[in-house]
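Chemist: all I have is the shape, not the residue letters:
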């Protein structure tokens, strides 16, 4: 009797912010489970300068042996990591779910994971942030949104309200979502840039309740992990910023009484101290030095404000929208796109979207409205409305006929925002 064929190793090209990784996953290991935040690249691309990452099943006795002296750090979402240098001076780490060994000279990484563990993504996440450091992209535990082409970094400890504020701002304010709690900071063309990591949003049940109390209609969650509900960001938000943006402002959520509109400026020394709290690193002295130089640059050159933790989101978003409207935006040339899934609308589809838009405005009851879950059609219609200054008109037309109440969460949120902003004189941003 013939034995069943053995599963071959999986080899894929993955990328994040221009850093390419050739991942070879052993039998029983799925690269997508270890690196869920990275974008898959098409086969056949030139990857001569890519990092070579090998992922295999944990073998007792084969993992890097820990010395007597190790250092510990915590990484999101509150996982303890034990770090050390082996006899060759190479970075090693162990955590729940596996081990990591990263050698920057040949650009190689070796990961061992437990195929049955739900923490495989923590092992891949740790390897990713350490590799990005060697490429000059320094991680911070922070969320981010984009406002008018530049980024706002939102820092704060666990439970301080980062996820609530970034999600609410992207749904109800003048912002596009970039990241929930993992970003990278780097320098290009004399400016400091922010890039987000991950395409999923993980929310505590309390956060889900707070967002629903704000009138935000949430999509169906993908599942539950570590006590949080997971959502696909492309279902949750109408428009995302996948590529980095120059940083414009830093917000720190600090413990305190969540009084209405409590926003105060931060001095450079306070900014640097709070940024250090949002960073995590144990590694080579030269890379550590570059990391803290990037934080010092942020503290010295970017305005920052402190907000009491778990704030009144509506009041804070309105105040922040007004505050940022008065700030000059960074002047820069766009970076080459690093995202592999940015939405590009062909001219013929844009024309059809404009035709559909005007027909819906003229008589919503006489035309066939796109299905509530046809997100692609609604994205094109809303972008056309935004380009032509017709968002409030479209929103009023759909509200009058009762269609607005039936629409999918991100579409309905943008249209309700357009109705609200006509009363306070703020123009919403939905274009991609």
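Modeler: Arrived safely, thanks for sending. Keep in mind that this is a model prediction, so the values were computed, not measured.
Chemist: distance of residue 240 relative to residue 328?
Modeler: Distance, residue 240 to residue 328, using CB to CB, to the nearest Å: 25 Å. All C-beta atoms are positioned from the backbone trio N, CA, C, and that covers glycine.
Chemist: do residue 316 as well
Modeler: For residue 316, the distance to residue 328 - CB to CB - is 22 Å.
Chemist: who's more crowded, residue 240 and residue 328?
Modeler: For residue 240 versus residue 328, neighbours defined as other CB atoms under 10 Å are more numerous around residue 240 (22 against 7).
Chemist: contacting residues around that one?
Modeler: By CB atoms under 8 Å, 6 or more residues apart in numbering, the contact set of residue 240 is 176-178, 233-234, 432.
Chemist: so which of those residues sit within strands?
Modeler: Under the assignment DSSP state E, the contacts of residue 240 contribute 176-178 to strands.
Chemist: where does the residue sitting nearest the centre point of the chain sit relative to residue 241, distance-wise?
Modeler: Centroid-nearest residue in the chain, with CA atoms, centre = their mean: residue 179, separated by 2.2 Å. Residue 179 sits 9 Å away from residue 241, taking CB to CB as the criterion.
Chemist: how about residue 26?
Modeler: Relative to residue 241, residue 26 is positioned 35 Å away (CB to CB).
Chemist: more neighbours: which of these two?
Modeler: residue 241 (25 against 17).
Chemist: now that one. Nearest residue, chain neighbours left out?
Modeler: Using CB to CB, 6 or more residues apart in numbering and skipping residues adjacent in sequence, the residue nearest residue 241 is residue 146, 4.0 Å away.
Chemist: strand partners of the longest strand anywhere in the chain, parallel vs antiparallel please.
Modeler: If you go by DSSP E, the chain has its longest strand at strand 245-254. Here strand 245-254 is paired, per DSSP bridges, with strand 150-156 (parallel), strand 191-196 (antiparallel), strand 304-308 (parallel).
Chemist: I'd like the next helix or strand past the second one.
Modeler: Scanning forward in sequence from strand 191-196 by DSSP states H and E, the next helix or strand is strand 200-203.
Chemist: on that earlier part again, so what's in contact with residue 179 and residue 241 at the same time?
Modeler: Common contact partners of residue 179 and residue 241 (CB under 8 Å, 6+ apart): residue 196.
Chemist: quick one: the residue nearest to the centre of the chain from residue 419, how far?
Modeler: 28 Å.
Chemist: and for residue 351?
Modeler: 27 Å.
Chemist: now residue 317: how far from residue 36?
Modeler: For residue 317, the distance to residue 36 - CB to CB - is 29 Å.
Chemist: more neighbours: which of the two?
Modeler: residue 317 (21 against 16).
Chemist: so the more buried one belongs to a strand, correct?
Modeler: No. Residue 317: not assigned to a strand; according to DSSP: H, G, I helix; E, B strand; the rest coil it is helix.
Chemist: any low-confidence regions in the stretch 51-200 of the chain?
Modeler: The stretch 51-200 of the chain contains residues with pLDDT under 70 at 60-64, 75-78.
Chemist: strands of that one, start to end?
Modeler: For the stretch 51-200 of the chain, applying DSSP state E, counting those that start in this stretch gives strands covering 51-57, 71-75, 79-85, 91-95, 98-103, 108-113, 138-140, 142-147, 150-156, 176-179, 183-188, 191-196, 200-203.
Chemist: what strands flank the third one, and is each parallel or antiparallel?
Modeler: Strand 79-85 has the following strand partners under DSSP bridges: strand 71-75 (antiparallel), strand 91-95 (antiparallel).
Chemist: tilt between that strand and strand 98-103?
Modeler: Strand 79-85 and strand 98-103 are oriented at 40 degrees to each other (axes from the mean of the first three to the mean of the last three CA atoms, to 10 degrees).
Chemist: who's in contact with residue 34?
Modeler: Neighbouring residues of residue 34 by CB under 8 Å, 6+ apart: 23, 25, 55, 111, 113, 120-121, 123-124.
Chemist: nearest to residue 266, of these?
Modeler: The closest of those to residue 266 turns out to be residue 121 (CB to CB; 32.9 Å).
Chemist: mind checking how far the residue nearest to the closest one when sequence neighbours are not counted is from residue 54?
Modeler: Distances taken as CB to CB, 6+ apart place residue 36 nearest to residue 121, at 5.4 Å, with adjacent residues excluded. The spacing between residue 36 and residue 54, counted by CB to CB, is 18 Å.
Chemist: just residue 126 next, same as before
Modeler: 15 Å.
Chemist: so which of the two has more stuff around it?
Modeler: In this view residue 126 and residue 54 are compared by other CB under 10 Å, and residue 126 has more residues nearby, 25 against 16.
Chemist: show the average pLDDT along stretch 404-416.
Modeler: In this model, stretch 404-416 has an average pLDDT of 74.
Chemist: returning to that earlier point: got TSV for the contacts of residue 34, with distance to residue 186 and neighbour count too?
Modeler: Conversion of those to TSV gives the following (distance: CB to CB, whole Å; neighbours: other CB atoms under 10 Å):
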residue	distance to residue 186	neighbour count
23	23	26
25	28	23
55	26	26
111	24	26
113	28	26
120	27	24
121	23	21
123	24	28
124	21	29
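Chemist: can you give the domain ranges for this protein?
Modeler: Here the domain parsing of the chain from automatic domain parsing is 10-135, 139-325, 347-424.
Chemist: how far out from the middle of the chain is the last one?
Modeler: Pointing back at domain 347-424 there. Its chain's average C-alpha position is 26 Å from that of domain 347-424, according to CA atoms, centre = their mean, to the nearest Å.
Chemist: and residue 334, what pLDDT?
Modeler: On the pLDDT scale, residue 334 gets 64.
Chemist: drop anything exposed from the ones in strands among the contacts of residue 240.
Modeler: Buried members of the ones in strands among the contacts of residue 240, scored by 16 or more other CB atoms under 10 Å, are 176-178.
Chemist: still on that earlier bit, ok, which of the strands of the stretch 51-200 of the chain comes nearest residue 218?
Modeler: strand 200-203 (8.4 Å).
Chemist: neighbouring contacts of the helix or strand just after that closest one?
Modeler: Going down the chain from strand 200-203, the next helix or strand is helix 205-213, by DSSP H and E. Contact with helix 205-213 is made by 163-164, 167-168, 171, 203, 218, 227, 229, 313, as judged by CB under 8 Å, 6+ apart.
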